[in-house]
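*Asks:* using only what follows, build the 3D model:
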Amino acid sequence: MKLNTTNFKITLVSLLLASVLLSSCLKDGNTEVNGTKPNIIFVVVDDLGHGDVGFNGSTFYESPAIDKLANEGLVIENSYMYPTCSPSRTALFTGKQSFRTGVYTVPVLEKGTDQENIFSHWTVGQEHTGYSEPLSKAGYKMIHIGKWHLVGPYPTKELEMDWPIKKKLTQPNPSDFSWVEHHRSAAVKPYYPEGRGFLKNVGGTYRGDPALEVGGYHSETGGYFAPFSNPFLGQKSTDEWLTDRLTDEAIEFMDAHKESPFFINLHYYTVHRPLRSRNEELFNKYMNKEGDPILGQGMETGEKKEYVARYASMIESLDDNIERIVSFLDEEGLRENTVIVFTSDNGQNRTSNNKLRGSKGMIYEGGIKVPTFVNWPGKVKQGRTQVSVDATDYFPTFMDLAGIDYKGVLDGKSFTSLLGDRVDTELLERPLFWHIASQYKHGTCSVIRKGNYKLIQFLADGKIELYNLVDDPVESINLSETELEVKKALLNELVTWRQKNNVPLPPNSILEN
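*Replies:* Next up is the predicted model:
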């Protein structure tokens, strides 16, 4: 739909130039090196905010190895997820929007009654194919490492429920391991990595954090220090720090399968709460480091400053481990044929970024905009792109990289054209959509982002918010009563999208699809 407004319309010519000048390019359009499918390392950090890395402007948090990869590859500046991890990870894995999978929010976070919510699924059913399945069939040796969160604590009971359910799903206490035996059984295997084409699962469970011990978030280790309480993470004598251990597993698997194309699903638990300092030295370093007044990072005092110092130490530890992976690839001669895709599952959580509004759990930019890059030496040149991508786009992108002609239902679109000299005008001009039919930090809503604008329609009362993300990235000026033409066009497109896809609305919604 064309909008009759100069501010909204980005001409095709300028988009083409942006794609050529700012984006990276695949030199020859071929995704194979010497006839071999590329290795893929998919790094998903938990709760890492858009501005929590140097390549997106942070001067307080230190991420030199990550920044180097980003600055030598393609940085996707407008990269989006859902506001919380469950819908993001489901969309990543399936390439499908939340209305298809029924995963709108982390189930235990939902607020209100069944009249205000369509309560979320936790377990991703077998009817939803994950990207690992076609990749495995195409010959990729695959391992999942870290956070899984695509299965509920009681999956067989959940799948037998009459949906929509009347009460939200629950989970056992952190130190309650009564679920483990059932999760090791054949009945639940299809919902774990090994049932989805992965050869091995290291540390993936139903939980969204690593604190599986007495006290949970309040325990001494928080799940980050050994001995680990995760029943799907066997103990090793060398264990000390969870992020190091997960990297050890990635390197060990790559070493064992370096003759075949491999896919490393490296979904670190860091930097999710409960935060723990990597060590006292790093903690003191960041407690004494000068803050960043532009983003507001490190400017805190008292307990909040301690929180941020712990967080900073975890980012530096993450960076050290990314450097270990790159060093291994270099030493083994694997770097040339390995694509590294780096992102986060939602926006910042209880940290600062003065340039964006909101945080995890919110549909505003601080809750859904994430740091993202693709690095592939000799194939992807350095650059930055303003073209928007979202969680559903990774599945088709992986299919493209692997040369797989996948015929299943996907809501996303491959963004490999951003990496090369081919220009996909559909990708450049398309809108992005979100539908969140359960409540957490604000009411249920549907959202469209197109061109410079984002429109939010709250489902209970129909209230509209409209923001120009270029002129007003902090979303401080609601234009819904002044930019009436833009509002009408975007709202019509959003409603049409819901109608076309039979997107369900919560019972208390005054809207009609």
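*Asks:* list the contacts of the spatially most central residue of the chain.
*Replies:* If you average the C-alpha coordinates of the chain and look for the closest C-alpha using Cα atoms, centre = their mean, you land on Asp345, 2.4 Å from that point. Shown here is Asp345, whose contacts under the criterion Cβ atoms under 8 Å, 6 or more residues apart in numbering are 44-47, 81, 85, 88-89, 92, 370. (C-beta placed from N, C-alpha, C; glycine too.)
*Asks:* recalculate using a threshold of 7 Å.
*Replies:* The contact partners of Asp345, by Cβ atoms under 7 Å, 6 or more residues apart in numbering, come to 44, 46, 81, 85, 88-89.
*Asks:* those in helices, which ones?
*Replies:* Judged by DSSP state H, helices contain the following of the contacts of Asp345: 85, 88-89.
*Asks:* can you redo those as CSV with neighbour count, distance to Pro155 and pLDDT?
*Replies:* CSV is the format used below for those (neighbours: other Cβ atoms under 10 Å; distance: Cβ to Cβ, whole Å; pLDDT from 0 to 100):
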residue, neighbour count, distance to Pro155, pLDDT
Cys85, 27, 18, 98
Ser88, 27, 20, 98
Arg89, 26, 15, 98
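*Asks:* go through the residues you listed and name the one nearest Glu220.
*Replies:* Cys85 (24.5 Å; Cβ to Cβ).
*Asks:* hmm, back to that, now the two most distant members of the contacts of Asp345.
*Replies:* Those two in these that are separated most widely, counting by Cβ to Cβ, are Asp46 and Met81, at 11.1 Å.
*Asks:* on that earlier part again, and which of the ones in helices among the contacts of Asp345 is nearest Leu494?
*Replies:* Ser88 (20.4 Å).
*Asks:* give me the distance between the closest one and Arg449.
*Replies:* Computed as Cβ to Cβ, to the nearest Å, the Ser88 to Arg449 distance reads 16 Å.
*Asks:* what are the boundaries of the helices in the stretch 401-513 of the chain?
*Replies:* With DSSP state H, counting those that start in this stretch as the definition, the stretch 401-513 of the chain shows helices at residue ranges 416-419, 425-429, 484-501.
*Asks:* just how off-centre is the first one within its chain?
*Replies:* This points to helix 416-419. For helix 416-419, the separation from the chain centroid amounts to 19 Å (computed by Cα atoms, centre = their mean, to the nearest Å).
*Asks:* quick check: mean pLDDT across it?
*Replies:* Taken as a whole, helix 416-419 has an average pLDDT of 93.
*Asks:* using CSV, list the CA coordinates for it.
*Replies:* Output of helix 416-419 as CSV, limited to C-alpha atoms (Å, rounded to 0.1, in the frame of the first residue of the first chain):
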residue,chain,number,x,y,z
THR,A,416,20.5,-13.2,2.2
SER,A,417,19.9,-10.6,-0.5
LEU,A,418,21.1,-8.1,2.1
LEU,A,419,24.4,-10.0,2.2
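*Asks:* what is it packed up against?
*Replies:* Helices and strands touching helix 416-419, by 3 or more Cβ pairs under 7 Å, 6 or more residues apart in numbering; DSSP states H and E, are helix 394-402.
*Asks:* how far away is Cys445 from Asp472?
*Replies:* The spacing between Cys445 and Asp472, counted by Cβ to Cβ, is 19 Å.
*Asks:* which one's more surrounded, the two?
*Replies:* Taking Cys445 and Asp472 together and counting by other Cβ atoms under 10 Å, Cys445 has the greater number of neighbours (18 against 14).
*Asks:* residues touching the residue nearest to that one when sequence neighbours are not counted, list them.
*Replies:* With Cβ to Cβ, 6 or more residues apart in numbering as the measure, Phe458 is the residue that lies nearest to Cys445, at 4.9 Å, once sequence neighbours are left out. With contact set as Cβ under 7 Å, 6+ apart, Phe458 has these partners: 443-445.
*Asks:* where does Phe458 land on pLDDT?
*Replies:* 98.
*Asks:* repeat that for Asp424.
*Replies:* In this prediction, Asp424 has a pLDDT value of 79.
*Asks:* contacts only, for it.
*Replies:* For Asp424, the residues meeting the contact criterion (Cβ under 7 Å, 6+ apart) are Ser417.
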